[in-house]
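Asker: what follows is a predicted structure for the sequence shown.
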Amino acid sequence: MFSENTVFVLGAGSNLDHGFLLGSTLRSELKKILTVRESSEFRVEGDKFIRSLLGGSSYRQLWGMSAADISRAARIIRDGIDTKPSIDEFMDIHASDAAVVKLAKLAIAWTILTKEAASDLFVPLQQVRADEVKPVKASWLFSVWHLLTKGVRTGEVERLFDKASNNVTFVTFNYDRSLEQFIYRMLLQTYQLHPTTAGKIVETADIRHVYGTVGAWSPPFATPKLMGRPFGSRNGLDLLYDGSEQEWARMLASISTYTEEIRPETTRAIQATIGDAKQLYFMGMGYHSQNMEILLPKKNLDAHTIAGTGVGLSPTFCEAVSQRVLGRTKKPESLNGGVVRVDRDCSAMFHEFAHRMDAYHLDRS
């Protein structure tokens, strides 16, 4: 159990084990689904996503865009998205072009829902009983689950995320709901709970999506229009065919990029959480400057343990990030070595520090 105030900050690299994408591979996916080939005057060839958009007049009316608008925006995104370091920066360049922004966000949502549906975490609507669910692939989240549920018996599981039991918070930059779904799946498999009970427990977890999500997480049997958008949600198809104008507006507003203004109260709440943490772990992060500014409070961090993954990042960059974080701590000399470990992925990082996460619980038992 996490008896000490512990915060995990999750980036795109934190859920690779379950089939999700880094920013670079997401760019490739967007280019693929936005490719249009006009084979004849009456036929458009390409991915199901773009064909559905160009072929549905009622859908285009809903968005207030013509087929020409969609084709133009698709070409701009497809041809230019690799010219900037991130998708967010590219979208910021075209912030005044409503068609580009709308289409990019829709394509991102479609891709994420498609990856959710293909993930080992997905539970089809007809499979809601615990004994019918396929096993989840091994990942570092299993280690988190082991600590979360240490000593928690069946009669106590509904209080799993009470701060007195597990003082843990997850701050995520991911639009997907893989963490919520992982917890849901583990509740089904470990405690053999009814899906409704498991869903209610998931909703008590302290999970903060910095830039929003593709829809509030809900159990697989929930009605999207009433209870959020179930994980995987018909492989993205309901985005195109089932959405009302109000739902579309809500969906677009729920996804932000780091160049769009985050509400000040959201930033303050996140920084307060980070500032009060005793243990702080960055998992699968790219450490973009804008994201770090959202995370790091102006006051000094109170944490005695701070560590982050650094796989795929240069030693020089990892050192620069480490110094930036150490510059915001009360006692940087107490943190042995750099914050970002160049050769550590999420699993290696968790295993290296698991004894610290659990040590405070053991000392008090």
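Answerer: Nice, thanks for sending it over. On a predicted model such as this, the values are computed, not experimentally measured, just so you know. Numbering: from 1, shown residues only.
Asker: longest helix in this protein, by residue count?
Answerer: Longest helix in the chain, counting residues (DSSP state H): helix 98-118.
Asker: so how far is Glu203 from Lys331?
Answerer: As judged by CB to CB, to the nearest Å, Lys331 and Glu203 stand 37 Å apart. C-beta here means a position set from N, CA and C on the backbone, and glycine is covered the same way.
Asker: again with Met283
Answerer: For Met283, the distance to Glu203 - CB to CB - is 22 Å.
Asker: which one of the two has more residues nearby?
Answerer: Between Met283 and Glu203, Met283 has the larger neighbour count (other CB atoms under 10 Å), namely 25 against 15.
Asker: so the more buried one sits against Ser347, correct?
Answerer: No: using CB atoms under 8 Å, Met283 is not in contact with Ser347; the gap is 9.9 Å.
Asker: can you list residues touching both of the two?
Answerer: Shared contacts of Met283 and Ser347, defined by CB atoms under 8 Å, 6 or more residues apart in numbering, are found at Trp140.
Asker: can you map out the strands along the stretch 201-350 of the chain?
Answerer: With strands called from DSSP state E, counting those that start in this stretch, the stretch 201-350 of the chain shows them at 207-209, 279-283, 305-309, 340-341.
Asker: got a list of contacts for the second one?
Answerer: Contacting residues not belonging to strand 279-283 are listed as 4-11, 13-14, 140, 274, 301, 303-309, 339-340, 346, 349-350, 353, 356-357 [CB under 8 Å, 6+ apart].
Asker: that one: partners in the sheet, and parallel or antiparallel?
Answerer: strand 6-10 (parallel), strand 305-309 (parallel) (DSSP bridges).
Asker: need the ones you listed in CSV with mean pLDDT, distance to Val123 and mean neighbour count, can you?
Answerer: Listed next are the strands paired with strand 279-283 as CSV, based on pLDDT from 0 to 100; distance: least, CB to CB, whole Å; neighbours: other CB atoms under 10 Å:
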stretch, mean pLDDT, distance to Val123, mean neighbour count
strand 6-10, 97, 21, 25
strand 305-309, 93, 28, 24
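Asker: quick one: closest of those to Leu26.
Answerer: With CB to CB, the closest approach to Leu26 among the strands paired with strand 279-283 belongs to strand 6-10: 15.6 Å.
Asker: packing partners of the helix or strand following the closest one?
Answerer: Sequence-wise, the next helix or strand downstream of strand 6-10 (DSSP states H and E) is helix 23-33. When contacts are defined as 3 or more CB pairs under 8 Å, 6 or more residues apart in numbering; DSSP states H and E, helix 23-33 sits against helix 67-80, helix 87-93, helix 98-118.
Asker: would you mind writing the CA trace of the first one as PDB?
Answerer: What it means is helix 67-80. Provided in PDB are the C-alpha atoms of helix 67-80 (Å, rounded to 0.1, in the frame of the first residue of the first chain):
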ATOM      1  CA  ALA A  67     -15.900  17.800 -48.300                       C
ATOM      2  CA  ALA A  68     -13.500  20.400 -49.700                       C
ATOM      3  CA  ASP A  69     -12.700  21.700 -46.200                       C
ATOM      4  CA  ILE A  70     -12.000  18.200 -45.000                       C
ATOM      5  CA  SER A  71      -9.800  17.300 -47.900                       C
ATOM      6  CA  ARG A  72      -7.800  20.500 -47.600                       C
ATOM      7  CA  ALA A  73      -7.300  20.100 -43.800                       C
ATOM      8  CA  ALA A  74      -6.300  16.500 -44.300                       C
ATOM      9  CA  ARG A  75      -3.700  17.500 -46.800                       C
ATOM     10  CA  ILE A  76      -2.300  20.200 -44.600                       C
ATOM     11  CA  ILE A  77      -2.000  17.800 -41.600                       C
ATOM     12  CA  ARG A  78      -0.600  14.900 -43.600                       C
ATOM     13  CA  ASP A  79       2.000  16.900 -45.500                       C
ATOM     14  CA  GLY A  80       3.200  19.100 -42.600                       C
END
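Asker: before we move on, which element is Asn166 in?
Answerer: Asn166 belongs to no helix or strand, assigned by DSSP H and E.
Asker: same question but for Val171, I mixed them up
Answerer: strand 168-172.
Asker: ok, residues contacting that strand?
Answerer: By CB under 8 Å, 6+ apart, the list of residues contacting strand 168-172 reads 2, 5-10, 14, 148, 161, 179, 205-210, 270, 273-274, 277, 295.
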